[in-house]
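# pasting a predicted model and its sequence here:
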Amino acid sequence: MSKNLRITNNKFIDQTSRISFKFDGKTLYGFKGDTLASALLANNIHLVGRSFKYHRPRGIMACGSEEPNAIVQVGNDASMTEPNTRATEIELYEGLEASSQNCWPSVNFDIGAINNFFSPLIPAAFYYKTFMWPANFWKLYEYFIRKSAGLGKSPTEPDKDIYDHRYLHCDVLVVGGGVSGIMAAKTAAKNKLNTVLIDDKNILGGTTLFQKNECFKINNSYSSDWLKKEIETLNSLKNLTIKTRTSLAAYHSYNYLLARENLTDHLCLNEKKDKIRQRLWKIRAKKVVIATGAMERPLIFNNNDRPGIILSSSIKKYIDYYGVKCGQKVSLFTNNDSAYETAISLNNNGVIVNSVIDIRDKTNSLIVKQAEKLGIKIHWKSSVVNTNGYKKINSIEIMKLSDNGTAVVGKKIKEECDCLAISGGWTPRVHLFTQSGGKLKFRNEDNVFLPDKTDLDQISIGSCNGDFELDEVIENSVNLINKFLKVNNNDYVNLEIISSKEIDKKNIWLLPSDKPLGKTKPFLDFQNDSTANDVKLALREGFKSIEHVKRYTTTGMATDQGKLSNMHALGIIAETAGVKMGELGTTTFRPPYTPLTFGAIVGRNIGEFFDITRRTPMHDWHVEKKAEFENVGQWKRAWYYPINNENMNEAVQRESKAARDSAGILDASTLGKIDIQGSDTSEFLNRVYTNAWSKLEIGKCRYGLMLNEDGMVYDDGVTTRLSENHYLMTTTTGGAANVLSKLEDYLQTEWPELDVYLTSVTDHYGTVSICGPNSKKILSKVIPDLDLSDKEFPHMSFKNALIDNIKCRVMRISFTGEHSYEINIQSSYAKSVWEKCFDAGKEFNITPYGTETMHLLRAEKGFIIAGQDTDGTMTPVDLQMDWIISKKKYDFIGKRSLYRSDTIREDRKQLVGLLTEDPKEILEEGAQIVAETNKQPIEMLGHVTSSYFSPNLNKSIALAVVKNGKKLKGQKMFVPMKDKTISVTITDTVFLDKENKRLNA
Amino acid sequence: MFLINCPYCGERDQSEFTAGGEAHIVRPKQPTELSDDQWAEFLFMRKNIKGVQLERWNHAHGCRKWFNMVRDTSNDKIHAVYKMGEKPPIK
């Protein structure tokens, strides 16, 4: 480390604990308390990255979250590396490894820098304009553009760190631990309000913490000393929780806020281990105090982006807080008083201060007088017109400003320097206020947007509310806090405050140069490399809205969201377009305020906790039998049961054949089950299903089709009448929750007079479905007492039964067209009943089958699956299921829509069967259907919805929706695929057992 | 995220609720007697105003009850909640 860049009498950095770290592969040293940025500067490293578009050398520019340039990659582990982190926010720890981004092969020699020489050829929206034609070349362009764009590298392996979410409720949340935030938190906590104070730094105090200047005193001591005492008293307050290293990410309506707490990012590698890295706090606060302060603006002039050009207040923090000199010979360029504080700090610490270049004519504030007394040279009414030095600034060129400030005049003075401080005034951090829906107002005298109207219980205090002088901050904050919290706090009333006042203000958004505009590079957005010239070009090309200019030039769209660039962009637009800034408005500040890691966003909801997993009671049995599983909503359903290395097709062919030849067993537990009771249930069913339910006898089952009010098929299933006023409805697996909520909706809002009660019992019962010609024999072994004769227990009926003294319900219903039974039994017994059925079926080669076989078997019978063969645009008539629409019922959900002009059209898409010319050819689901092959453009008549090879028919079968399909039976159609065209014939939807003989086999 | 005062359960996070669109659209008692236009008016037409709107909400992950809300869509301010079948508490 360059010794002469560190001052040794610094109290904030522990200079006894040396830390080693690596930057771009080189081992360097810093101290505990350093940020990566301060440690790099102490090592005289300014060049830390290359700019996004022109690959210009860029250095550290700020000291906090607004840093646009010093964006680095941290860590080189494939699972833990993190791109786009701000060196100014990374606390140094032993073993830290960081590297520059957006440069190849190295930051010192970057091939992409050639873009800088071509920069006149790469104006705003260059990519949009250039890579438009020919359209199909985009694929080619994209590859190269993506390669040359982008900042850091994403990790390639899953993140090993642990992240956490927690809720927090409080009376008062104070955001920001500077002077005003500390006053607010203390006042609230002392008045017995449950208070939380958060700050994104590792220590409270803001910038006042290191303010040791005669011009800023409270009760006769430095403002920093006064504040330190205030901070010490916070620890004794019972109602106050302090969270440092916690950055407020988002402020939503109803005072709901998200804050990210860094717990281990500052610890060395072995201390981090097994600890939670970051925690996302979900905060609901009764009242919110925003005390987020202000950030310094840069100045916009030619070549204002070189390494070594740093915000003035940041240079002050580096010297006063970190004890790091950003340079040995520093020049300062300003339009306001705050650069003088920096000049004085530098001077007091033995740094050569070349001069202060001030665009103002002359001013006589306390602090300026102090600087003059120290012998600091000031160039009044002057501007920096150019800077020199490729990888680091080595000199600046100064000229006098004309009276109106639009041009420079006179002789050019060259001043050698190794660092240039810039200060363009202050921008209140109103981001959180606007995120919360607050409206801003504009203050003309110093060109700031300030909080104005809000609907929430919140206030902004301190410099984020436009108070920039120490005495104003304290006096106004006390008044605002007392009023907001309805308390009377006198702690801060009779303070004796000395504060230098800024008397003269002057602002020039785009500083003039001796060169014409096209020949200069006045950077606005340092991270996205857009210049004032780009913004002006956008205006010339006709863009007027600030939102459009932003997108066209990408100003303010980088990872820093334009924290430093937005105000200047607005200023230049307003000036060029001749409108007032207050009328122009701002772009929208969106959360998060600083980027959040994906880890913090997802918290613990990863891997198996990503979503709820629902398993049937028989799940373990399927696992034992090595079933493959399919996700159906949140359910894991057995998909097929491969034996002896079968692939899916082979397994499904075997299962399907076995189910029809002898017996199959299916886990149907996932079907939605709704228990319906009440004296009006049959009337209710009449209203929600298309068919009639009044005459359904006790002990009988009926299939029902449910529509939406728009007449489109919504769900289907079998409902059983268990007793006089007690029914059990089944729904599709995926539709269960929606059906229940839809039925609840109608009951509560349209038909509150009906005596009907709904309860979801899906999880309460497991369902074993046995089908096939031997199912009857198997069931008679499992429940010997039950009379299974067709007369006593016909198709579509139900019986109560006992298995080992456990009550169960047996339904004789079928989704395969085979003779089949479904046993519903309390979930806890379902697995044993399943096993019992399986054992009983062994002599009949009972074959477990999964959802894929179930789909194949029902397709052979032409039974639809709601959601596969329907898509919310199919009426029952489209499905050729006219038989299920009751003609007698006056009304049911969706009835009126069935004869709207659109639903009675004859040429709607209708469900049909398809057979391929070559019976071995299996169609692809989703494939398009056309009537001819040699016409272009060709009309798409429909698409394949279900397609299988049927082992029972020994041919390929498919269901499809085809325009006017009902009338096209027997017609030839074509399914064009990528490599061939398949000929098909439209058929009936039922392929097997049209007479339903197998149901009673 | 809103804080919603369920008329049955009290204040709860918005994440427990689902929104059900405009309130007080009564399903016609005799749909068969309506013209296509009249039926379409009921079925499709919603105001979606910027300003104070009467809405249906369901405490889906709570008591499962439907209720109505007076909400200003321009600033998300909830002026009142009231039970199904009740008249809106403000004009």
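That came in fine, so what should we check first?
# list phi and psi for A:N533.
Backbone geometry at A:N533, expressed as degrees, to the nearest 10, gives phi -60, psi -40.
# now it. Nearest residue, chain neighbours left out?
A:L517 (5.9 Å; C-beta to C-beta, 6 or more residues apart in numbering or on different chains). Where C-beta positions appear, they are placed from N, C-alpha and C, glycine not excepted.
# wait, A:H795 touches A:E818, no?
No - assessed by C-beta atoms under 8 Å, A:H795 is found out of contact with A:E818, at 10.8 Å.
# so which of those two has more stuff around it?
A:E818 (22 against 14; other C-beta atoms under 10 Å in any protein chain shown).
# so what pLDDT did residue 43 get?
This is for chain A. Here the pLDDT value assigned to A:N43 is 96.
# oops, I was thinking of chain B
For B:L43, the model assigns a pLDDT of 95.
# how deep is it tucked in, by neighbour count?
22.
# relative to A:L857, how far out is it?
37 Å (C-beta to C-beta, to the nearest Å).
# can you check A:Y222 too?
A:Y222 is 85 Å from A:L857, by C-beta to C-beta.
# so between these two, which is more surrounded?
Neighbour count, other C-beta under 10 Å: between A:Y222 and A:L857, A:L857 has more, with 29 against 18.
# wait, that one sits on A:S814?
No - if you go by C-beta under 8 Å, A:L857 and A:S814 don't touch, sitting 9.7 Å apart.
# find the residues that touch each one of those two.
A:C771 (C-beta atoms under 8 Å, 6 or more residues apart in numbering or on different chains).
# list the contacts for A:M80?
So A:M80 contacts A:P155, A:D159, A:K160, A:D161 (C-beta under 8 Å, 6+ apart).
# any idea how far chain B is from it?
Note on A:M80: its distance to chain B, by C-beta to the nearest C-beta, to the nearest Å, is 31 Å.
# could you grab the helix/strand/coil label for that residue?
Classification of A:M80 using DSSP: H, G, I helix; E, B strand; the rest coil returns coil.
# same question, the one 4 residues further on
Each residue gets one of three states, and A:N84 gets strand by three-state DSSP.
# rewinding a little: mutual contacts of A:H795 and A:E818, please.
Common neighbours of A:H795 and A:E818 (C-beta under 8 Å, 6+ apart) are A:L999.
# from A:S723, how far out is the residue lying farthest from the centre of chain A?
In terms of distance from the mean C-alpha position of chain A, A:K791 ranks first, at 60.7 Å (C-alpha atoms, centre = their mean). Distance from A:K791 to A:S723, counting by C-beta to C-beta: 22 Å.
# quick one: contacts for the residue nearest to A:N533?
Neighbour list for A:L517: A:A532, A:N533, A:K536 [criterion: C-beta under 8 Å, 6+ apart].
# what's the answer for A:C464, then?
A:G176, A:I290, A:A291, A:T292, A:G293, A:A294, A:P428, A:R429, A:V430, A:F433, A:P451.
# ok, of those, which one's closest to chain B?
A:F433 (14.4 Å; C-beta to the nearest C-beta).
# and A:E753, how many neighbours does it have?
Neighbourhood size, A:E753 [other C-beta under 10 Å]: 8.
# hmm, who's touching stretch A:391-407?
A:46-47, A:57, A:59, A:108, A:306-309, A:331, A:333, A:357, A:359, A:379, A:381-389, A:408-420, A:506, A:508, A:512, A:514.
# in strands, which of those residues fall?
Counting by DSSP state E, these place A:47, A:57, A:59, A:309, A:331, A:333, A:357, A:379, A:382-388, A:408-416, A:419-420 in strands.
# what subset of those residues is buried?
Neighbour-count burial (16 or more other C-beta atoms under 10 Å in any protein chain shown) is assigned, among those, to A:47, A:57, A:59, A:309, A:331, A:333, A:357, A:379, A:382-387, A:408, A:415, A:419-420.
# how about low-confidence regions in the chain?
Unless you meant another one, I'm taking chain A. Where chain A drops to pLDDT under 70, the residues are A:1-3, A:103-105, A:107, A:110-151.
# right idea, wrong chain: chain B
If you take pLDDT under 70 as the line, chain B has these spans: B:91.
# that one against chain A: which residues are in contact?
Contact residues, chain B versus chain A (C-beta under 8 Å from any C-beta of the partner chain): B:1-3, B:13, B:18, B:20, B:26-28, B:30-32, B:34, B:36, B:39-40, B:43, B:56, B:58, B:60, B:64-66, B:75-77, B:84-85.
# just checking: what are the partner strands of the one helix or strand A:I396 maps to?
Per DSSP states H and E: A:I396 is located in strand A:395-401. If you go by DSSP bridges, strand A:395-401 pairs up with strand A:382-388 (antiparallel), strand A:408-416 (antiparallel).
# would you format these as CSV with distance to A:S901 included?
Converted to CSV, these look like this (distance: least, C-beta to C-beta, whole Å):
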stretch, distance to A:S901
strand A:382-388, 72
strand A:408-416, 74
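# for A:N191, which of the ones you listed is the nearest?
strand A:382-388 (50.1 Å; C-beta to C-beta).
# which residues sit against the closest one?
With C-beta under 8 Å, 6+ apart as the test, strand A:382-388 has contacts from A:299, A:301-304, A:306, A:309, A:333, A:357-359, A:393-401, A:408, A:412, A:420, A:508, A:511-515.
# repeat that for 6 Å
Applying C-beta atoms under 6 Å, 6 or more residues apart in numbering or on different chains, the set of residues contacting strand A:382-388 from outside is A:301-303, A:306, A:333, A:357, A:359, A:393-401, A:408, A:511, A:513-514.
# can you count the residues close to the residue in chain B that chain A sits nearest to?
Closest residue of chain B to chain A, C-beta to the nearest C-beta: B:P31 (3.7 Å). Counted with other C-beta under 10 Å, residues neighbouring B:P31 total 20.
# ok, it to A:S897 distance?
9 Å.
# from the stretch 501-650 of chain A, which residue is nearest to chain B?
A:P591 (12.2 Å).
# for residue 68, what are its contacts?
If you meant another chain, say so; for now it's chain A. A:P68 touches A:F526, A:Q527, A:D560, A:L564, counting by C-beta under 6 Å, 6+ apart.
# that was the other one, I meant chain B.
Going by C-beta under 6 Å, 6+ apart, the list of residues near B:N68 reads B:A23, B:Y82.
# got phi/psi on the spatially most central residue of chain B?
Centroid-nearest residue in chain B: B:R56, 1.7 Å away (criterion: C-alpha atoms, centre = their mean). Main-chain dihedrals, B:R56, degrees, to the nearest 10: phi -100, psi 140.
# again, but for A:N354
Residue torsions, per degrees, to the nearest 10, at A:N354 are phi -60, psi -60.
# which residues does the closest residue to it other than its chain neighbours contact?
Closest residue in space to A:N354, ignoring its immediate chain neighbours: A:S331 at 4.3 Å, by C-beta to C-beta, 6+ apart. Going by C-beta under 6 Å, 6+ apart, A:S331 touches A:N354, A:S355, A:I396, A:E415, A:C417, A:L420.
# any idea how far chain B is from the fifth one?
The span separating A:C417 from chain B equals 51 Å under the rule C-beta to the nearest C-beta.
# name the nearest residue to that residue, sequence neighbours excluded.
Per C-beta to C-beta, 6+ apart, closest to A:C417 is A:S331, 4.3 Å.
# helix or strand for the residue lying closest to A:L666 once chain neighbours are set aside, just tell me which one.
Among residues not flanking A:L666 along the chain, A:S769 sits closest, at 4.3 Å (C-beta to C-beta, 6+ apart). In this assignment (DSSP H and E), A:S769 forms part of strand A:765-771.
# so who does the residue of the stretch 501-650 of chain A closest to chain B touch?
Going by C-beta under 6 Å, 6+ apart, the list of residues near A:P591 reads A:A249, A:A250, A:Q435.
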